[in-house]
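Undergrad: Sequence and predicted structure are below.
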Amino acid sequence: MVGLDEDPSRAQIVLVGALAIAFIVLGIVVVFNTSLYAENVDSTGTVSSVNQAEQVRHAGGQSVAGLAYRVNEGNFTNETDIAATMNDNTSNLSAVWQSLYARSQPSAVNASLDGSNSEYGVRVFQSTDADFRARGGTPPGTSANWTLTPTDTPATYADIGRFELTLERDSLDTDQTGAFHLSVLGSTESGDWQWRNVWFTRDGSGNVTVYLAENSSTTDPRTTSFEWYEENGMEVCDVSVGTTAEVDLVTGSIEGTNCFEFLSGIHPVSGTDGYEVQFRNGGNVSGQYEAHLSTTAFESVGTRFDNSAGDAPYYSYILWEATAIVEYGSPAASYTRTVTVPVYNSTR
């Protein structure tokens, strides 16, 4: 304590010293807090950039697959043509994509198709109303009974991404005997042969009636005298339709109503990644069809997609599995990734 008779300068020195210490402590606290804040902001920004880059990679792959699904509905004479069309579309997608990302932060994104590392298939179709006989080329030849999937030696089986029919109701038979039907040959989980037949008939009430038969065998049914595709089936559904019936073989539905199984539960032929599919009594139905297959083996008979090249079925190349190059760049992170995505969900 400073007395009244003591030198007052000592009190001033103590006061100034206390203020100096206080300012020093305050400065240390401010610097320390600033460092912590800067470190948190920097870490958060890096994590955010990595997360966004991963989102870009996923979105880029899925966007390219979605574009391919639509582009596959066009007509292409070879793989180069469809790859070029895909890259034109992905270029437009990337421009829109870039604009959206640039609004939130400075970043660059781009997606393109790696055509040389993508997998191609074929779309087999009939786009005008007619019966379902195969008319041109060998194979399949002019026949009401023909194989949709390639029948080269050795046989080439195909996985199926889409398989849709538009049936003219009044062209269908009223009796299962001799009626139009489809047959699929695959295998059981244990590897035995398994087949399934689906018949389409009509009744007097404007309905489409579906019959189904299936069986399995350790012996390839095509190598025996038993006509495996002619066994009688049991009625599985009866659906009211208009003048036409839209049938989706992959989902087993008519006019959006699930009522039968075609591919469900049947595995690809043992040792392969596909099935054999046959049209039976194709002369006893009229309409249109479209099947997207995982093989390009039809190129052995030439790719045809217009009337000037002969009668249906027509063939056009499709992308079955797309390999996309996805690029991302920002002040915090940048990379280029190659992503391979299936165009169709072929999981049964």
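TA: Cool, got the structure.
Undergrad: which is the next helix or strand following the helix or strand hosting E321?
TA: Assigned by DSSP states H and E, E321 falls within strand 314-329. Remark: after strand 314-329, the chain's next helix or strand is strand 334-342, criterion DSSP H and E.
Undergrad: which outside residues touch that following strand?
TA: 53, 57, 60-62, 64-65, 114, 117-118, 320-328 (Cβ atoms under 8 Å, 6 or more residues apart in numbering). To be clear about C-beta, it is placed using only N, CA and C from the backbone, and glycine gets the same treatment.
Undergrad: Only alpha carbons, please: show that strand as PDB.
TA: Extracted C-alpha coordinates of strand 334-342, given in PDB (Å, rounded to 0.1, in the frame of the first residue of the first chain):
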ATOM      1  CA  SER A 334      -9.800 -30.900 -58.100                       C
ATOM      2  CA  TYR A 335      -9.800 -34.300 -59.700                       C
ATOM      3  CA  THR A 336     -10.800 -36.400 -62.700                       C
ATOM      4  CA  ARG A 337     -12.600 -39.800 -62.200                       C
ATOM      5  CA  THR A 338     -13.700 -42.500 -64.500                       C
ATOM      6  CA  VAL A 339     -17.100 -44.000 -63.500                       C
ATOM      7  CA  THR A 340     -18.800 -47.000 -65.100                       C
ATOM      8  CA  VAL A 341     -22.500 -47.200 -64.700                       C
ATOM      9  CA  PRO A 342     -25.200 -49.600 -66.100                       C
END
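Undergrad: If you average the pLDDT over that strand, what comes out?
TA: For strand 334-342, mean pLDDT rounds to 85.
Undergrad: Parallel or antiparallel, list what pairs with that strand.
TA: strand 314-329 (antiparallel) (DSSP bridges).
Undergrad: Poorly predicted segments of this structure, please.
TA: For the chain, the stretches flagged by pLDDT under 70 are 1-58, 98, 100-108, 135-142, 153, 224-230, 298-311, 333, 346-348.
Undergrad: all helices in it, in order from the N-terminus.
TA: Along the chain, counting by DSSP state H, helices occupy 9-71, 79-104.
Undergrad: circling back: which of the contacts of strand 334-342 are buried, as a PyMOL select command?
TA: Command for PyMOL that selects the buried part of the contacts of strand 334-342, burial taken from 16 or more other Cβ atoms under 10 Å:
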select buried, resi 53+57+60+61+64+65+114+118+320+321+322+323+324+325+326+327+328
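Undergrad: which residues does S294 contact?
TA: Contacts of S294 (Cβ under 8 Å, 6+ apart): E119, G121, A158, D159, I160, G161, D273, G274, W320, S346.
Undergrad: Could you identify the most distant pair in those?
TA: Greatest spacing in the contacts of S294, by Cβ to Cβ: E119 and I160 (14.7 Å).
Undergrad: more neighbours, those two?
TA: I160 (23 against 17; other Cβ atoms under 10 Å).
Undergrad: How about the more buried one: which residues does it bridge to?
TA: L293.
Undergrad: pretty sure it contacts V250?
TA: Yes. If you go by Cβ atoms under 8 Å, I160 and V250 touch, sitting 6.6 Å apart.
Undergrad: Pull up the overlap in contacts between these two.
TA: Common neighbours of I160 and V250 (Cβ under 8 Å, 6+ apart) are L263.
Undergrad: Just give me the closest of the contacts of S294 to T219.
TA: Out of the contacts of S294, the member with the shortest distance to T219 (by Cβ to Cβ) is G274, at 20.0 Å.
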